[in-house]
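K.L.:
structure for the following, please:
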Amino acid sequence: MPLKEYQEKILDLLKEKELALSEVYKEISEKFNENEEFWNNLSEEKLYRLQQIEELCEQAKQEKMGFDEKNTKTYTLNTFMESIRDIKDQLRNNELNEIKALSLCHDLENSILERRVYEYFIPYNDEQRTVLNKLKSDINDFLKDIQAQKNKIVSG
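P.N.:
Predicted coordinates for the structure are as follows:
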């Protein structure tokens, strides 16, 4: 079944979200350069996920994979994007220390939207299922990395 217009908008916003998060991590790396490598790695991971989501979106648009956004609305994604813009503003206004930045980023990454994004895609074959399962498990590793970095900084 072809995607509806609002579903295509959701797919576009999912891609924008990954890019915006990558950009925020890059900005944080420039602000807190003593942990630049960590933040750059997060930024690169988001670019990798963006690439994966672009591929999934393309398959959904070509009807080679299903897409069900469940209860997610464009409003939800726009609100999420606002949160990212708020973090950028706080960075630019020197209102964030690195621990606060880690906490905010962990909260974003741990959100239902971030954790369930790959559940919106419905695999039609085992290869797609494997890719989606890997991406889902990568999210948990990503969260663990952020928490470990926060613990490292807090413990000095």
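K.L.:
centre-most residue in the protein?
P.N.:
residue 18 (4.5 Å; CA atoms, centre = their mean).
K.L.:
tell me the contacts of it?
P.N.:
Contact analysis of residue 18 by CB atoms under 8 Å, 6 or more residues apart in numbering lists 46, 47, 49, 50, 53. Glycine gets a C-beta too; all of them are placed from N, C-alpha and C.
K.L.:
which of those residues fall within helices?
P.N.:
46, 47, 49, 50, 53 (DSSP state H).
K.L.:
low pLDDT regions in the chain?
P.N.:
Counting by pLDDT under 70, the chain contains no low-confidence segment.
K.L.:
at 80 what do you get?
P.N.:
With pLDDT under 80 as the threshold, the chain has low-confidence stretches at 156.
K.L.:
looking at it, which helix is longest?
P.N.:
Longest helix in the chain, counting by DSSP H: helix 126-155.
K.L.:
tell me what it is packed against?
P.N.:
Packed against helix 126-155, as judged by 3 or more CB pairs under 8 Å, 6 or more residues apart in numbering; DSSP states H and E, are the following elements: helix 36-61, helix 98-109.
K.L.:
want to throw these into CSV with mean neighbour count?
P.N.:
Written out in CSV, the entries for those read as follows (neighbours: other CB atoms under 10 Å):
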stretch, mean neighbour count
helix 36-61, 18
helix 98-109, 18
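K.L.:
now distance to residue 74 too, for these, in a markdown table please.
P.N.:
Below are the helices and strands packed on helix 126-155 laid out as a markdown table (distance: least, CB to CB, whole Å):
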| stretch | distance to residue 74 |
| --- | --- |
| helix 36-61 | 15 |
| helix 98-109 | 18 |
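K.L.:
between those, which gets nearest to residue 147?
P.N.:
Judged by CB to CB, the one of the helices and strands packed on helix 126-155 that comes nearest to residue 147 is helix 98-109, at 6.4 Å.
K.L.:
quick one on the thing from earlier: with distance to residue 89 added, can I get the ones in helices among the contacts of residue 18 in a markdown table?
P.N.:
Output for these, formatted as a markdown table (distance: CB to CB, whole Å):
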| residue | distance to residue 89 |
| --- | --- |
| 46 | 19 |
| 47 | 22 |
| 49 | 24 |
| 50 | 22 |
| 53 | 25 |
